[in-house]
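Engineer: Fold the following for me, if possible:
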Amino acid sequence: MTATPNPTSIELADLLARVALGDRAAFARLYQRTAPRLLGQILRVERNRNAAEEVLQDVYVKVWKSAGSFEGRLSQPATWLGSIARNAAIDSLRRRQAQPRTVSTTVYGDDEHDDRDLLQEFASQDPGPDQRREQADEVLALRRCLGLLSGGQSQAVALAFYQGLSYAEVAEHLTQPLGTVKSWVRRGLIALKGCLERSPQVT
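Structural biologist: Here you go, the predicted model:
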């Protein structure tokens with residue numbers, strides 16, 4: 001027996017249906033409603049925060065392209081989105097693990113027992129609790145500021161700076177004139193800068 005959808009599922013299904021029709025406002029709302037949870041799911045697989053944030057942006061590009069394939073009778077919206085996020089995180093982790101190591105940290109001494117790893121002789125470079133909290137606050141501030149942009153500005157900035165697409169590629173992806181895309185990115189960055197400057201600093 002299929003469970004009765006809860007209000008959140010109904011809202012997300014409606015947003016996905018509107019996104020499938022190219023509704024950018026619905027896409028921005030979907031991002032606001034689901035990004036924190038999806039980032040958490042991604043971080044369970046891909047522990048590198050920078051990589052996880054890149055994966056998150058990639059997930060929403062995929063959602064924009066494939067929202068029309070969502071079928072509410074087969075799965076809940078959160079489950080469908082979570083599956084995309086998990087698969088993207090696994091792919092990202094596999095790509096990073098497959099990258100060859102180009103730096104050897106091992107020093108070989110004259111004595112066969114003198115081999116040691118230089119990294120073991122230095123303090124860990126991993127961020128501590130305070131740094132992690134600051135990073136989390138920065139991510140939240142950026143996400144909040146992105147949510148204040150128009151749908152077009154938010155997508156253009158995300159594609160240009162998180163996905164590394166050129167202006168021409170962004171214009172093609174969004175099916176918009178090149179001049180419009182450049183304007184979205186320029187105005188979006190100005191708005192982001194102003195918003196982030198006004199964000200309260202963590203003490």
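Engineer: what's the spacing between the most centrally placed residue in the chain and residue 175?
Structural biologist: The geometric centre of the chain, computed from its C-alpha atoms, lies nearest to residue 56 (C-alpha atoms, centre = their mean), at 2.3 Å. Note on residue 56: its distance to residue 175, by C-beta to C-beta, to the nearest Å, is 23 Å. Where you see a C-beta, it was placed from the backbone N, CA and C, and this is true even at glycine.
Engineer: same check, this time on residue 83
Structural biologist: 27 Å.
Engineer: Now name the helix or strand holding residue 44.
Structural biologist: Per DSSP states H and E, residue 44 falls inside helix 24-45.
Engineer: helices or strands next to that helix in the packing?
Structural biologist: helix 7-20, helix 49-66, helix 77-98, helix 129-148, helix 151-157 (3 or more C-beta pairs under 8 Å, 6 or more residues apart in numbering; DSSP states H and E).
Engineer: Make CSV out of the ones you listed and add distance to residue 33 and mean pLDDT.
Structural biologist: Shown next, in CSV, are the helices and strands packed on helix 24-45 (distance: least, C-beta to C-beta, whole Å; pLDDT from 0 to 100):
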stretch, distance to residue 33, mean pLDDT
helix 7-20, 7, 90
helix 49-66, 12, 90
helix 77-98, 10, 87
helix 129-148, 10, 68
helix 151-157, 14, 80
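Engineer: can I assume residue 49 is in contact with residue 42?
Structural biologist: No: look at residue 49 against residue 42 with C-beta atoms under 8 Å: they stay out of range, at 9.7 Å.
Engineer: more neighbours, the two?
Structural biologist: Per other C-beta atoms under 10 Å, whichever of residue 49 and residue 42 has more neighbours is residue 42, with 27 against 16.
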